[in-house]
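Engineer: kindly return the folded structure for what I paste below:
(one chain, ligands or ions: 2)
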Amino acid sequence: MQTLHVTHPLKNNEIPQQNTVLIMGFFDGVHKGHQQVIKTGVDLAKKNGLKSVLITFDRSPRVVYQHVQNFKYLSTEARKQELIQQLGVDYLYFVEFTEDFATLKPQEFVDEYMIGMHAKFVVAGFDYTYGKRDIANMDTLPKYSKNKFQIVTVPKQTFDEEKIGSSSIKEMIEDNNIDEANELLGYDYQNSGTVVHGLQRGRTLGFPTANLSVGKGELIPSIGVYATRILVNGKWYDSMTSVGYNITFAENTGVTVECNIFDFDEDIYGNEVTLQWVHYLRGEIKFSGADELIDQLKKDRENSKSFLFDK
Ligand SMILES: Cc1cc2nc3c(=O)[nH]c(=O)nc-3n(C[C@H](O)[C@H](O)[C@H](O)COP(=O)(O)O)c2cc1C
Ligand SMILES: Nc1ncnc2c1ncn2[C@@H]1O[C@H](COP(=O)(O)OP(=O)(O)O)[C@@H](O)[C@H]1O
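Structural biologist: Ligands and ions are numbered 1, 2, ... in the order given. As a prediction, this is how the structure comes out:
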């Protein structure tokens, strides 16, 4: 897959010269609903001897249209790229979603980003919109298409009769429900971060914890303790992770993400790691002291190991 970052307006050498199937959407998290849209586009391209091109943006349109501050994403650009690549897309375009781009009228958007991209098919989910916020949708697309391409609308994908959507998955992640979020994502949710220094108490408890500084725009699961996997220096390890305020010791350090890695004993300060959230174990507890906390950590380790082993 070839990835391009482009600014508006597109320059001629950035436009694919072959006929294409365009797959349109923001695709935050590339969940099962998104996967269905993307697979539909990839299959169509293969069947018709065309190139599949996925057009997405470098930031959520909500950040620009609704001025949402501190928007939290389910996937960074790098992660989105990885997930989309796995689905067999030929070209991935990240269009810079500037204020200028955001003022494009539907017909201008269709002319420049669909017809201009040599689309023979345009594939998107049932609730896709384009042009200035919410003014054009899949029902009105035939009108703008000038009969230059066919339109494929992928119907709502549901789980337990609810739409699979990035917003509801985010709510689950923020509400101790990582297990269901993982189900709807089709993979175990992950964050990336750098290992930073903590208060160096972990080692005295017999449970050293790699403290993660997670990228600002990434959504972190709610306060609690989780069975996790962590990628360190190219290798995955089973682990358990606490997201919490360390209320037993009440140092007012703010929320920390701390990962105790099983069967591991290396100095990894400064390392870039990836943490995969597999299962929610329990909430954060205020213990009467270190001994009680240690007893609980031993139980958490057993619970994590059996859960991760079964998976
Ligand atoms: C799996 C796990 C579960 C934890 N659960 C709790 C908890 O319920 N309550 C709490 O106050 N601290 C909890 N902690 C946080 C420990 O208090 C913290 O890791 C320890 O104080 C070490 O801090 P340091 O990394 O700053 O040295 C947990 C840590 C881990 C790794
Ligand atoms: N099994 C392990 N799990 C997590 N970190 C480990 C482990 N073994 C060694 N380490 C190292 O020790 C550090 C954690 O020790 P800790 O006493 O908790 O210090 P800190 O408070 O700075 O996190 C980690 O950042 C890592 O470099």
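Engineer: excluding chain neighbours, what is closest to the most centrally placed residue in the chain?
Structural biologist: By C-alpha atoms, centre = their mean, the chain has its centre lying nearest to residue 75, at 2.3 Å. Leaving out its chain neighbours, the residue that sits closest to residue 75 by C-beta to C-beta, 6 or more residues apart in numbering is residue 29, at 5.2 Å. In short, each C-beta sits where N, CA and C put it, glycine included.
Engineer: right, and the one you found touches residue 166 too?
Structural biologist: Yes: the criterion here is C-beta atoms under 8 Å, and residue 29 meets it with residue 166 at 5.2 Å.
Engineer: what do the two both touch?
Structural biologist: Contact criterion C-beta atoms under 8 Å, 6 or more residues apart in numbering; residues shared by residue 29 and residue 166: residue 74.
Engineer: for the chain, which helix is longest?
Structural biologist: Using DSSP state H, we find that the single longest helix of the chain is helix 290-310.
Engineer: and the residue of the stretch 201-311 of the chain closest to ligand 2?
Structural biologist: Per C-beta to the nearest ligand atom, residue 202 is where the stretch 201-311 of the chain lies closest to ligand 2, at 2.3 Å.
Engineer: that residue: what's it in contact with?
Structural biologist: With contact taken as C-beta under 8 Å, 6+ apart, residue 202 is in contact with 208-209, 258, 260.
Engineer: tell me the one of those nearest residue 278?
Structural biologist: residue 260 (14.3 Å; C-beta to C-beta).
Engineer: can you confirm that closest one is in a helix?
Structural biologist: No: going by DSSP: H, G, I helix; E, B strand; the rest coil, the assignment for residue 260 is strand, not a helix.
Engineer: can you give me the neighbour number for it?
Structural biologist: Using other C-beta atoms under 10 Å, residue 260 has 22 neighbouring residues.
Engineer: for residue 255, see how far away the residue of the stretch 1-150 of the chain found nearest ligand 1 is.
Structural biologist: For the stretch 1-150 of the chain and ligand 1, the shortest gap (C-beta to the nearest ligand atom) falls at residue 72, measuring 22.9 Å. Residue 72 sits 13 Å away from residue 255, going by C-beta to C-beta, to the nearest Å.
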